[in-house]
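Chemist: My questions concern the predicted model and sequence given below.
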Amino acid sequence: MEHHADLIVIGAGQSGLATAALAPRHGFGRTLVLETADQAGGSWPRYYDSLTLFSPARYSSLPGLRFPGDGDRYPARDEVVEYLRAYARRLDADIRTSTTVTSVLPRDGVWVVRADSGAEFTARAVVAATGAFRSPYTPDVPGQDEFAGQSLHAAGYRGPEPFTGRRVVVVGGGNSAVQIAAELGAIAETTLASRRPIGWMRQRPLGRDIHWWLRRTGFDIAPLSRLLEKAPVSVLDDGRYRTALDTHGVERREMFARLTRDGVVWADGAEEPVDTIVWATGYRFTHPYLNGSGALDAGGRPRHHGGVADVPGLGFAGIEFQRSFSSNTLRGVGRDAAHVLSRLGRSR
């Protein structure tokens, strides 16, 4: 059975919902949103339990709906999930959950979108907004196949309790690695391993949240994507995480050289037994359903300019540094979605 829409959005996370919300402003009539999970919200429900935003609520809204409550607080994961689901309920769009897209291919002037159920949908324009959470990245480290302990990515981490009393190494130098190591340090012997020293950035320089400064200076929306992709990772902190690491004796060490059956070999040659490795090493954007569409390069990376694909009628939303520093954030995805929709609308 075939279903036609003016616009198909793949993914009902923050980027997909923002795209669906803005679609009518850019001349799109019926918008269909296809989501793998059984509810809207994207990857947020699957992040670790203690996750809190590094941006205040006043800088964490999608187009048309203010994030509720005190604008200066830092919302928790579950608040973001509820906000996104409330946002989805307000949309004038057909959101199909439990629908996994398997292919997007051109046919007779339209895009044909197929799902794992066998359902087929068509539209003149498609926006891929599936994010990167489905593709956790773990670096290739010698000895990985030998290690007999527990090895998990941050995507599978929920909370510290199962690791009580264990020897844990958290790998990574970003916000997630620091947050996870800080809470694990309270109940487990924990080390933070990274290739570079932690790049601490004050959450509130000169008494203002960093996001106030980003907006005030225009840096938040500056088209600096190529420079930002190569910039060192920084960790935003109001002091709590750095204090927690110090309080719990969480040491930062240079990345280990290899894994052994029972633990790690540090860069200085010292061997140490380890029970668990937590890889807080980020994600890689992959769009396997776009294979054969002409929208990916030989390495599977999107071919696009600011989210507008190199093939007509196709766009992306939610790519890190897609157009600016704030791309792929709650406050920034709406700007990127509007840019992509305006181009797709003109090409119809």
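Modeler: Perfect, I can see it now.
Chemist: check which helix or strand covers the residue nearest to Val308 when sequence neighbours are not counted.
Modeler: Spatial nearest neighbour of Val308, chain neighbours left out: Arg343 (4.7 Å); criterion: CB to CB, 6 or more residues apart in numbering. The C-beta positions use only the backbone N, C-alpha and C, and glycine is treated the same way. Assignment of secondary structure by DSSP states H and E places Arg343 within helix 333-346.
Chemist: Which strands or helices does that helix pack on?
Modeler: Contact analysis of helix 333-346 by 3 or more CB pairs under 8 Å, 6 or more residues apart in numbering; DSSP states H and E lists helix 14-22, strand 120-128, strand 308-309, strand 314-316 as its packing neighbours.
Chemist: Any chance of a markdown table for those, columns mean pLDDT, distance to His211 and mean neighbour count?
Modeler: Shown next, in a markdown table, are those (pLDDT from 0 to 100; distance: least, CB to CB, whole Å; neighbours: other CB atoms under 10 Å):
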| stretch | mean pLDDT | distance to His211 | mean neighbour count |
| --- | --- | --- | --- |
| helix 14-22 | 98 | 16 | 30 |
| strand 120-128 | 97 | 26 | 24 |
| strand 308-309 | 94 | 27 | 21 |
| strand 314-316 | 97 | 24 | 27 |
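Chemist: can you tell which of these is closest to Thr191?
Modeler: helix 14-22 (32.9 Å; CB to CB).
Chemist: ok, the following helix or strand past that closest one: who's next to it in the sheet?
Modeler: Once the chain leaves helix 14-22, the next helix or strand it forms, by DSSP H and E, is strand 31-34. Partner strands and pairing direction for strand 31-34 (DSSP bridges) are strand 2-10 (parallel), strand 94-96 (parallel).
Chemist: right, and those strands - which one's nearest Tyr59?
Modeler: For Tyr59, the closest of these is strand 2-10, at 23.8 Å, according to CB to CB.
Chemist: Heading C-terminal from the lowest-mean-pLDDT helix or strand in the chain, find the next helix or strand.
Modeler: Here the helix or strand of the chain ranked lowest by mean pLDDT, DSSP states H and E is helix 225-229, holding a mean of 52. Using DSSP H and E, the helix or strand that follows helix 225-229 towards the C-terminus is strand 235-237.
Chemist: if we can go back for a sec, I'd like to know how far the residue nearest to Val308 sits from Gly313.
Modeler: 10 Å (CB to CB, to the nearest Å).
Chemist: hmm, back to that, can you say which of the strands paired with strand 31-34 is packed in most?
Modeler: strand 2-10 (a mean of 21; mean count of other CB atoms under 10 Å).
Chemist: contact partners of that strand?
Modeler: Residues outside strand 2-10 that contact it (CB atoms under 8 Å, 6 or more residues apart in numbering) are 16, 19-20, 23, 28-34, 93-94, 101, 104, 110-111, 113, 119-130, 289, 317, 341, 344.
Chemist: Also stretch 253-271?
Modeler: Outside stretch 253-271, the residues within contact range by CB under 8 Å, 6+ apart are 141-144, 146-149, 167, 169, 171, 191-195, 272-274, 277.
Chemist: Quick one: distance of that stretch to the chain centre.
Modeler: Stretch 253-271 sits 29 Å away from the centroid of its parent chain (CA atoms, centre = their mean, to the nearest Å).
Chemist: ditto for stretch 142-156
Modeler: On CA atoms, centre = their mean, the centre of stretch 142-156 falls 22 Å from that of its chain.
Chemist: That concludes my questions; thank you for your assistance.
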